[in-house]
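Engineer: based on what follows, work out the 3D shape:
(one chain, ligands or ions: 1)
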Amino acid sequence: MITTKDLTKVYRSRGREVTALDGVDLHVRPGEVYGVVGTSGAGKSTLIRCVNMLERPTSGSVTVDGVDLTALPGGENRAGRELREARRRIGMVFQHFNLLSARTAQENVELPLEIIGLDRTERRRKAAELLDLVGLSDRAGSYPAQLSGGQKQRVGIARALAGDPKVLLSDEATSALDPETTRSILALLRDLNRQLGLTVLLITHEMDVIKSVCDSAALMRGGRIVESGALTDLLATGGSQLARDLFPLGEFGSGQPGRTVLEITFQGDAPAQPFVSQLARTYQIDINILGAAVETIGGRMVGRMRVELPGGHGENVVPIGYLREQGLQVDVIDTTGAAA
Ligand code: ADP
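Structural biologist: You can find the predicted model right below:
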């Protein structure tokens, strides 16, 4: 649904060049919620702004719903019409809502409908329907200053849906909200994704956002995507940084020589198996549990455990093989936490 190929964006200001995007290949499938995560300055905002062409990339291409946006001319004149129409099919939600303070919730949602030239009755009907969809019918006549952060964001989402988009882009939509409101807005995005078949691309610096709503994710660093994929695949990938960030387990082992630290990831039915006690019994070894947690990620139950076995890696080849035979993902890690 959204594909970028070798996307590059170089900003030039006061004789300085900043490469904000450095060859980004992104692939978002129809109907999925895709999260891009990374620290500040990684290039996330630039990426999302290039996807809807608020920012023209320096090179590379952006295709949304089969249309190569980078091939279309811009501008406010006739030549730019095709691009404007394609962009209308891409909704955008902002961190600070970007509502007009002198307009009511209803009038804010009507704004994009005015721009496309819908008549007044039709505008009202459509805006009322959208406010209902985001659970805000009773606040249609309120001005932004009379609404809570979560309510303002609901208006922002209703406005983003006015052009019947197939794709919704969200730029840190929950970063200005408290945890409870964040949860309700994320649940709304998930519902819209399911009900309307809307593809959602969101950027965030919060792992919890990725964990609670995303099907797939990409980790950005220095203008590049360093890791990406479906969450369940990432969790099953040895040494995945995203999997670690999604599922932090705290301290790494005792650091003592002659011990082997394993990270074990289990999904689906595997948590039901008492594999630690089985392993201890079968091989007569003392297993030290360093950390463990079970969470729901991408709607699936996933567990992770860090354990320490006596003896070096070479002495534990057989027990490690045993665990893998049980369908468990096993990473042998060194004392710095890197996959060995
Ligand atoms: P993120 O959203 O991950 O915090 P950004 O996409 O905002 O990252 O920024 C990526 C890099 O591009 C940063 O080094 C930032 O300073 C730079 N940058 C972003 N926008 C501009 C701009 N309009 N002009 C110059 N540099 C910019």
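
Engineer: which positions in this structure make contact with the ligand?
Structural biologist: The chain comes close to the ligand at residues Y11, S13, V18, A20, G38, S40, G41, A42, G43, K44, S45, T46, as judged by C-beta under 6 Å from any ligand atom. C-beta here means a position set from N, CA and C on the backbone, and glycine is covered the same way.

Engineer: next up, the contacts around the residue nearest the centre of the chain.
Structural biologist: Nearest to the mean C-alpha position of the chain, counting by C-alpha atoms, centre = their mean, stands G35 at 1.4 Å. Applying C-beta atoms under 8 Å, 6 or more residues apart in numbering, we find G35 in contact with L202, I203, T204, V209, I210, V213, C214, S216, A217, A218.

Engineer: nearest to the ligand, of those residues?
Structural biologist: Nearest to the ligand among those: I203, at 6.6 Å, using C-beta to the nearest ligand atom.

Engineer: you'd agree that closest one is in a strand?
Structural biologist: Yes: counting by DSSP: H, G, I helix; E, B strand; the rest coil, one finds I203 located in a strand.

Engineer: from the residues of the chain next to the ligand, which land in helices?
Structural biologist: K44, S45, T46 (DSSP state H).

Engineer: coming back round to it: just the buried residues of the residues of the chain next to the ligand.
Structural biologist: Buried members of the residues of the chain next to the ligand, scored by 16 or more other C-beta atoms under 10 Å, are A20, G38, A42, G43, K44, S45, T46.

Engineer: residue contacts, the second one?
Structural biologist: When contacts are counted by C-beta under 8 Å, 6+ apart, G38 is found next to K44, H205, L219, M220, R221.

Engineer: in those residues, find the pair that's most separated.
Structural biologist: H205 and R221 (12.3 Å; C-beta to C-beta).

Engineer: name the residues contacting each of those two.
Structural biologist: Shared contacts of H205 and R221, defined by C-beta under 8 Å, 6+ apart, are found at G38, T39.

Engineer: between the contacts of G38, which is nearest the ligand?
Structural biologist: The closest of these, once distances to the ligand are taken by C-beta to the nearest ligand atom, is K44, at 3.5 Å.

Engineer: how about the residue lying closest to the closest one once chain neighbours are set aside, what does it touch?
Structural biologist: If the residues on either side of it in the chain are set aside, K44 comes closest to I203, at 4.0 Å by C-beta to C-beta, 6 or more residues apart in numbering. I203 is in contact with G35, V36, V37, K44, S45, L47, I48, S170, D171, E172, counting by C-beta under 8 Å, 6+ apart.

Engineer: which pair in the residues you listed spans the largest distance?
Structural biologist: Going by C-beta to C-beta, the pair spanning those furthest: G35 and S45, at 14.0 Å.

Engineer: need the contacts of G38 in JSON lines (columns: pLDDT).
Structural biologist: What follows is the contacts of G38, written out as JSON lines (pLDDT from 0 to 100):
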{"residue": "K44", "pLDDT": "97"}
{"residue": "H205", "pLDDT": "92"}
{"residue": "L219", "pLDDT": "97"}
{"residue": "M220", "pLDDT": "97"}
{"residue": "R221", "pLDDT": "96"}
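
Engineer: do a quick rundown of the strands in the stretch 151-300 of the chain.
Structural biologist: Using DSSP state E, counting those that start in this stretch, the strands of the stretch 151-300 of the chain run over 167-171, 199-204, 216-221, 224-230, 259-267, 288-297, 300-310.
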